[in-house]
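> dropping a prediction and its sequence here:
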Amino acid sequence: MAKRVGIEVSIAVAEAVKLADVDLVAAYPITPQTHIVEHLSEDVANGKLDAEFVPVESEHSAMSCCCGSSAAGARTFTASSSQGLSLMSEILYIPSTMRLPIVMVVANRALSAPISIWNDHQDIMVQRDIGWIQTFAENGQEAFDLTLHAFRVAEDRRVSLPMIVNIDGFTLSHVIEPIEILDQEEVNRYLPPFKPRYRLDPKKPITMGPVGIPEVYTEAKVAHDQALKASKKVILKAWDEFAELFGRRYQPVETYRSEDAETLLVTMGSISETAMTAVDAMREKGQKVGLVRIRLWRPFPAQEFRKAAGKAKVLAVIDRCLPPGAPCGPVGEDLRAVFYKVPGAPKIFSFVAGLGGRDVTVETFEEIVEKAQAKARKRPRELYEVIGVREK
Amino acid sequence: MAKTDAIIGWKTITFGCHVLEPGSTAKFRTGDWRSQRPVTDREKCIKCGMCWIFCPDMAYSQTEDGYYVADMEYCKGCGICAHECPKDAITMVPEE
């Protein structure tokens, strides 16, 4: 039976990885991801988890190690963050088109300079187009559940794609929450053993990662893109089954008091909990405000989002990423594309908030809603606005 | 130069772009971007095989009568054979 315990979210994620009975963990410590691999290191050392624990010398090697391990048919996990994730960058593109179902938890953190160990989404937005399936967790329970879901989806033979579970650094990774930890029997019912479609085997030699001459490269990339888009069905099915087994239902986008909302906040990750409190506060003041939270970031659930946005007139999109020189933040950009030329589409305004650990409070959301509504009344010049910048 | 043996669409490309059978690169005709081709003057050729030894693409093979001939489906026209030939029997001529 599942047990509800007060536990640090990083350790709950490590528990999920242990329950998934991974075969290999590649580990390089980077704040704020460290607690996850630290805990897994203990589990391997004390015999609770029968896996290869590979303490590599950099994140570049961590992901290279994961590629080899996954290609050999082993259930593979690693975790990363910020500069470390950037150091992995070169390798991150490889397992996706090569269809290696590695699972990684990213404890999102700002990028240097200046050095910041605190939370925002700039590290993952750099890696937006690596071709991995990506989800964003809102709280500890979701971080635990989505990690198990990631193994289930990634390793499904119809999918065979690597998957990232994004959890906000510190604000989620280091908090202690009451989390329902499933037991081994329950996990076994949900997560079948990893049976890869192809694996490196000296008895049946194949080549993985060959040269793609101009005549095949485009086709290889299109095949990958199509596989990523097609994975949505499996993602949804795996969530449905999770709900049937354990009672917690997840969807690509989640709404809060959005039915009759005229203005909708759009968020990803743990700030959504504060956003809900803000929505409640604004509702009490008689404002028709709601929330749409994106849980599945890649493949982007465009249809589900359009449906979730309903008849809202204004979308106030919060990006936790400042895209220097770009017309708009990445989430705002995607949503503008999703609603482009859709009749009756809401006006979309993009806001940058919560960079490098800056608090995003109830008041911040109220300010955002106010600004979005003001912008909707006139024609704003700028395509996005950074919230809470001191001018002097 | 035809590459038709190897040209496939995205629906039929192998899973993960893996190579599932050995020697499949033989299907790729890689000599289609040559701008010059080697022509051997058999009067001068002494069948020493230096062209065959030095060809970086193994495009040369020996014929029954002992001469060496480059396979134009794989020759890139690099000219190493012409450079190495001790008898100056090989000339690089522009591709038409």
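Arrived safely, thanks for sending.
> for chain A, what are the nearby residues on chain B?
Residues of chain B found near chain A (CB under 8 Å from any CB of the partner chain) are B:3, B:6-11, B:13, B:15-20, B:22, B:28. Where C-beta positions appear, they are placed from N, C-alpha and C, glycine not excepted.
> put the buried members of the residues you listed into a ChimeraX selection.
Selecting only the buried entries of the residues of chain B next to chain A in ChimeraX, with 16 or more other CB atoms under 10 Å in any protein chain shown as the criterion:
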select /B:13,16,17,18,19,28
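> so which of the residues of chain B next to chain A is the closest to A:P95?
Nearest to A:P95 among these: B:G16, at 9.2 Å, using CB to CB.
> quick check, the closest one in a helix?
Yes: B:G16: assigned to a helix according to DSSP: H, G, I helix; E, B strand; the rest coil.
> okay, it: pLDDT?
Looking at B:G16, its pLDDT stands at 95.
> quick one: the strands in the stretch 101-250 of chain A?
A:103-108, A:133-136, A:163-168, A:176-181 (DSSP state E, counting those that start in this stretch).
> neighbours of the nearest residue to A:A20 once chain neighbours are set aside, how many?
In space, and not counting its chain neighbours, A:A20 is closest to A:F151: 4.8 Å by CB to CB, 6 or more residues apart in numbering or on different chains. Burial of A:F151 is recorded as 27 neighbouring residues (other CB atoms under 10 Å in any protein chain shown).
> with the one 10 residues further on instead?
The number of residues packed around A:L161, counting by other CB under 10 Å, is 29.
> now the helix or strand hosting A:F365: buried residues?
Assigned by DSSP states H and E, A:F365 belongs to helix A:362-377. Within helix A:362-377, the residues scored as buried using 16+ other CB under 10 Å are A:362, A:364-369, A:371-373, A:375-376.
> show me what it is packed up against.
strand A:263-267, helix A:271-284, strand A:314-319, strand A:347-352 (3 or more CB pairs under 8 Å, 6 or more residues apart in numbering or on different chains; DSSP states H and E).
> what's the most distant pair in the buried residues of helix A:362-377?
With CB to CB as the measure, no two of the buried residues of helix A:362-377 lie farther apart than A:V362 and A:A376, at 21.4 Å.
> how about the strands in chain B?
Under the criterion DSSP state E, chain B contains strands at B:36-40, B:60-62, B:68-70, B:90-94.
> and residue 29, what pLDDT?
This is for chain A. Note on A:P29: pLDDT of 95.
> actually it's chain B I care about, not the one you picked
pLDDT for B:R29: 79.
> contact partners for A:V216?
Each residue near A:V216 by CB atoms under 8 Å, 6 or more residues apart in numbering or on different chains is listed here: B:6-8, B:13, B:17.
> before we move on, the earlier item: any chance of CSV for the strands of the stretch 101-250 of chain A, columns distance to A:H224?
Shown next, in CSV, are the strands of the stretch 101-250 of chain A (distance: least, CB to CB, whole Å):
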stretch, distance to A:H224
strand A:103-108, 18
strand A:133-136, 12
strand A:163-168, 14
strand A:176-181, 34
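> do you know how far A:D168 is from chain B?
When distance is defined by CB to the nearest CB, to the nearest Å, A:D168 is 32 Å away from chain B.
> could you measure from A:V5 over to A:I133?
For A:V5, the distance to A:I133 equals 28 Å [CB to CB, to the nearest Å].
> can you name the residues that contact the most far-flung residue of chain B relative to its centre?
Using CA atoms, centre = their mean, the residue of chain B lying farthest from its centre is B:K11. It sits 30.8 Å away. Contact partners of B:K11, counting by CB under 8 Å, 6+ apart, are A:A223.
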